[in-house]
Each structure stands twice: as C-alpha cells, then as structure tokens.
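**Student:** sequence and predicted structure below; questions after.
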Amino acid sequence: MDHIIDPAHPHGDGHDHDHHDHGGLGDYYLEQLLAVFICGAFGIVAVLMYQFDMLKFIVAEKFFGSILAGGIGLLAVVALRGVILWRSVGHEPVHDHAHDHSGHDHAPGEVCDAPAGAHGDADHSADDHAHGNIYWRIVVLAFPIVLFLMGLPNKTFSADYTEAKLGSEGKIGTIGDVAERGGEATYDFQSLSIAAASDDKRRALEGTPAKIKGQLRYMPSPDEFGLFYMKITCCATDAVPLKARIKVERPSLADAFKKNFKNHDWVEVSGTIQFAKLENGEYLTVLRVKDGGLTKAAPVY
Amino acid sequence: MDASVIQDFVINFIAVVWQAMPFILLGALIAGILEELLPQDAISRFLPKHFIPAVLIGGALGLIFPMCECGIVVVMRRLLRKGLPLSCCVAYMLAGPIVNVVVLMSTWYAFKEYQVGPEGESLGPPMVLLRAGLGYVVACLTGFAIHFVEKRSKTPLLTASAMPPAAKKPKLSLTVVEAEPAPAPKKSIWVRLNNITAVALHDFMDITVFLILGSALAALMRTNADLVGSFESMSRSQPIVAIPAMMALAVLLCLCSEADAFLAASFTKASVSAKLSFLVLGPMLDLKLLLMYTRVFRWKLIAAIVPCVVIQCFAYSLIVHQLYNPLPTLSAESTAGK
C-alpha cells in the first residue's frame, strides 16, 4: 500500500489509469496539494466561524467546541501532510494512496512486478480510485467555504419559515385570575414547558413570578401575544419551538406593546405564571403581564 | 428567488455540514489508523466464523464503539478492507447509530416528560426499548439478508475502495523448496504517519463531498417548513398513512441520531408507532447517507439494503401500533428540547 513509486513506475503496459498515470508525478503532487489546500481551507473556516461567533446561527452551543476542535484537528493533519509532501519532493516521492492493486501490495520501495493487466478496472476506475477525480470534489467542497466568504450564515431562519414551524396556536379564551404568590422567579423557558405537562409542577409554579426571554408573536386575540423560543438540540434543522402565551392586563396595553415591539422581536417578559387548558386537553403556560412587563432583549441563541 | 428562501436553504444546508464535520474527521482519523495499524487478519481471528453470531455481534458493536451515522460510514469502509464480513458490517452500520449509549440516553431524555396512559407513565423507557430493539432487529435481519445476497451475487457489491485486498498469489517458482513467508518490512514512523494522514484526508474529502451533496438536497426539501407540519398532522388512527409519512420525513430531514428524538417528541399529534418509525429509519437511511453509501456500496447492494430496511421499519412499526398505542395523558404544547 505504501510503496514508493519510481518515476518510471513500471506497472506494465496494460496498466492504464483513466484519469492519470503514475508516471505523471506532477499530477500526483498537484492532486495532493489540492487536497491539502481544500482541507486546510475547511479547517480555517471552521476556526473562523467559531472566532466570528457565526456558529450560533446554525448549531447548539455544545457543538461550538467540537467544531473548533475539528477545525484545529484538520489543520494539524493538513500541516503534517504538507510537511510529508514537502519532504518527499526531490527524494523518493511517497505514493501512499489507499488502494490495493488487485490482490497485490507493494512493500516500501518495492517495484510492482505484476504482469501487464493485473491492475484491473475494478481497482483503478475513475470513480473509485483513491486520488481520482479530485477536481469536481474540490468544487463541491468549496461550496461551504464560498458561503463563509460571502458572510453566511449571518442570521437565523426567516420569519416565514419560523411562522410555518410555529403553526397555528389555539385560543386560550377566558381564563380566571391567578392569585400572585410571590416566591422565587422562574427564568428558564424550558422549565415552564416541562411544568405545563405535570400536575405537580403546575401547582407548584402557578401564581409565582417569571422573567423569561423569547420572541414575541402577534396573535389575533386583542389581549394576547405568543412567546416562543426555537430550541436547538444539535443543529438548526432540529429546532423545535417552546411556546407560551402572554396575556396582558387589558387590550389597550396590548396596543401599546404593539407600538413598541414588532412581530418576532426579542423581549423579556416579566409576569405571573398561570396554566391554561387548551381545547385539545393539553396545558399551555400563560404569563399574566401588567404595565412594563415587556422589555427589549438581546437575542438568545 | 425570494431572499428569505435562500437564507433558509443556507441555514438548513450549512448547519448539517458543520455539525457533522468534526465527526467525519474523527471517523477519517480512526479509518487511517485502522488501515495502517490493524493487521489484515485481526478481525477474522476474533470474529465468529459463522455469519449468524458474527452479524449479531456486529449489530451490538455500537455499544462498544459508538459512532454517529456520518462517521460510521468512513470507519466501516476501512473495516471492510480489513476483512470484516459485509453482513456484519451492514449490521454495525445500521444499528450503530441507534444502539449506542449516547443516542439511547438522548431518546430517554426527549421522551421522559411525555406521559401516556391513564396512569401517566413516562414514555421515555418504552421509547428507548422500542427504538433499540427495533433498530437491532432491523439491522441484524438486514445483515442476514445481505449475507445471502453476497453469496449469490456474481458481481462485486462493494466499491473498489472498500474491497479487502485479496490474498497474495504465490509467485511461480521452478524450485520445489517451500520458501518461508517473507517478514513484512518494518515501516518507519514517518511512513506510518504519511499513510495515516493520506488515508484520513482522502476519506475526509471523499465522504464530506457526499455529505455536502446530500445536505444540499435535504435543505432544498426542508426549506418548505409546511412540509413538516403536514406530515406531523397525520391522524393517529391512520397508521398506514402516518407511518410511511414519518419515515419519508426521516429520509428528507437528515437529522443526527442524537437529536432526532427531540424533534420526534415534539410531534405531539403523532402516534408512538409513527414516531418510532421516524427514529428507527432516520439513522439508517436518509438523503445524505444514501449518497455517502455510494462511496462504499455499489448500487446493486444499496438496492438490496434500502427495501430491506424500509419494509422492516414499516412492518414493525405497524405491529407496534397494534400492540402499543397509548394516548397521551397530559402534555405541554411542546415538551421537546428538554
């Protein structure tokens, strides 16, 4: 596998490659250098995306480290490969691609003594050969790199896409007042979602204060807003919305909020926790909000 | 084209590519090390000779060597070259991304607050057992099927880059004295490093290209977010429709097996069986994996694996629907992502 090729490379007359011949050392080095170049670019982009805080738009925070490590690891492998290639120039060029020659391997330095034609098509077809067809692969691999050079990604999903993901939300209609009990405030959207599904947790939290960050969603009802947070587990494609409802004290207050906050704006909601039963039997977290209960907030990714 | 559509496409596309990148690199490095350091006959020495126990072991290898579905393709190709039987490899490739501790823990976590039945039992444990059980059964039975396909096939089923090197033929000699096999030449660390990095970079490029193509294809589908909603809204009372719909969704979405359970849990309207079909098929077959498989398997073999997996997923999910279809006790509008 790791034979060293002689520039003359006596593989026999019948040994044809449909994309390159082993005698073309220039081609071999060109392919290897292109591989080093494109993989190096991939590694650099991974590091820069971490550095420029662009990963927050596409993956969960727990993957930031692994992408950075992947980028650094790739750069290390590329650097090593580059040094090896550099060393081999002018010496014995190391031909170390990972294919076998139809049932025979070469030891280092061993000249291939297979008869002409022993390197069958199965080994050396353009499609399967280890270092064949690198050029179109470079083009495909360059796609994410070009997107990065264009400054993408630079935002999250569009409003239309987010609305489609959120779907329609049922009315909660008239719900009774909730007695404010004070106590420790809830700050976590997820905790509220979990609590809505459990009798015990609903009882424990109802009437207590909450201070939650999320995105505002206009609703048809005059005194209600939706509140949502697109929760990403691994990457943006698996985002699922956590939802709650904001019920304001009076419709005029809702109008005032609408003047200050646009649809899908990031807000911090301060209110009292309540749970409302929807028509389908499920419970939804409701935040009862008074004057000053909505403030602008920085996006949370 | 609308700018927002392009924006959504870019995010859907690029998110999968960059999330998978470190895992493909890890797989490629393992592949390079395996190729260089694992002796050619090491696997065959330890694996049972009979295909049934070998496949059963292959299906459970994920418990010892947990790999995601992207990384496993790279490693598997090298294991095939090292002589791991194809049937065993297929079982590992299909079951590995499901039957491993990380994925099963995330499945339990995603469903633990989802209560079903009159007693309000957590759906976490049954989903973990059903997912692991069905994943293992589908993978092993597919492995058995591939064993027979391989035996009857007259043409190669693997691409050249995945085929193990054939045994060296003895050189013609006029002497009758049997020569001692020549000892393998000792390689320097430099040569070994050269081979490992060459294989790692080659495999990284080779698989990432097809990851990119598959992710782009999937992103085109996913850009229509209404699609997901319409699949989800399939009625619980129509499993014949809902199960294949969720299976199709799994193929289109190309999710990581660590994350798919959270999305499945958010499909509050879907039945357990439909969610299960989504969770079992997704790590075995999706658009990006289909393209990545072409670097290892020839189309003839892919054409054998795909129907085998799809039919089994559908059939077992249907059986589960008949035997276990609990109604939700109480659930939040979305309990996913916890």
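**Tutor:** That came in fine, so what should we check first?
**Student:** my guess is A:Y218 contacts A:F261. True?
**Tutor:** No - if you go by C-beta atoms under 8 Å, A:Y218 and A:F261 don't touch, sitting 9.2 Å apart. In this view, the C-beta of every residue, glycine as well, is placed from N, C-alpha and C.
**Student:** compare the two (neighbour count), which wins?
**Tutor:** More neighbours surround A:F261 than the other of A:Y218 and A:F261, with 18 against 15 (other C-beta atoms under 10 Å in any protein chain shown).
**Student:** quick one, phi/psi of that one?
**Tutor:** Dihedral pair for A:F261: phi -130, psi 130, per degrees, to the nearest 10.
**Student:** any idea which helix is longest in chain A?
**Tutor:** helix A:25-51 (DSSP state H).
**Student:** quick one, the following helix or strand past it and helix A:25-51 angle?
**Tutor:** Using DSSP states H and E, the helix or strand that follows helix A:25-51 in sequence is helix A:64-88. With axes from the mean of the first three to the mean of the last three C-alpha atoms, to 10 degrees as the basis, helix A:64-88 and helix A:25-51 are set at 160 degrees to each other.
**Student:** in terms of helices and strands, where is the closest residue to B:S44 other than its chain neighbours?
**Tutor:** Of all residues not flanking B:S44 in the chain, B:G83 sits nearest, at 4.9 Å (C-beta to C-beta, 6 or more residues apart in numbering or on different chains). B:G83 belongs to no helix or strand when assigned by DSSP H and E.
**Student:** quick check, the residue in chain A closest to chain B?
**Tutor:** Using C-beta to the nearest C-beta, the single residue of chain A nearest to chain B is A:G70, 2.9 Å away.
**Student:** what number of residues lie near that residue?
**Tutor:** When neighbours are defined as other C-beta under 10 Å, A:G70 has 25 of them.
**Student:** what about residue 252, how many neighbours?
**Tutor:** Just going to use chain A. For A:S252, the neighbour count with other C-beta under 10 Å is 11.
**Student:** hmm, I had chain B in mind actually
**Tutor:** 20.
**Student:** would you mind measuring from it to B:R222?
**Tutor:** B:L252 is 7 Å from B:R222, where distance means C-beta to C-beta, to the nearest Å.
**Student:** now swap in B:W190 and tell me
**Tutor:** 46 Å.
**Student:** the more surrounded of these two?
**Tutor:** More crowded of B:W190 and B:R222, by other C-beta under 10 Å: B:R222, with 26 against 13.
**Student:** and the residue nearest to that one when sequence neighbours are not counted, what is it in contact with?
**Tutor:** Leaving aside its sequence neighbours, B:R222 sits nearest to B:N12 (C-beta to C-beta, 6+ apart; 4.7 Å). Counting by C-beta atoms under 8 Å, 6 or more residues apart in numbering or on different chains, B:N12 makes contact with A:236-237, B:218-219, B:222-223.
**Student:** could you check the pLDDT of the closest residue to the residue of chain A closest to chain B other than its chain neighbours?
**Tutor:** Among residues not flanking A:G70 along the chain, B:P22 sits closest, at 2.9 Å (C-beta to C-beta, 6+ apart). As predicted, B:P22 sits at a pLDDT of 90.
**Student:** and B:P22, helix, strand or coil?
**Tutor:** Three-state call for B:P22 (DSSP: H, G, I helix; E, B strand; the rest coil): helix.
**Student:** which residues of the stretch 51-200 of chain B fall in helices?
**Tutor:** For the stretch 51-200 of chain B, helices defined by DSSP state H, counting those that start in this stretch occupy the ranges B:51-60, B:69-81, B:86-95, B:101-111, B:124-152, B:189-222.
**Student:** can you put those helices in TSV and add distance to A:K277 and mean pLDDT?
**Tutor:** Shown next, in TSV, are the helices of the stretch 51-200 of chain B (distance: least, C-beta to C-beta, whole Å; pLDDT from 0 to 100):
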stretch	distance to A:K277	mean pLDDT
helix B:51-60	45	93
helix B:69-81	40	86
helix B:86-95	42	94
helix B:101-111	22	85
helix B:124-152	24	95
helix B:189-222	33	87
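**Student:** pick the most deeply packed of those helices.
**Tutor:** Among the helices of the stretch 51-200 of chain B, ranked by average contacts under mean count of other C-beta atoms under 10 Å in any protein chain shown, first place goes to helix B:86-95 (a mean of 28).
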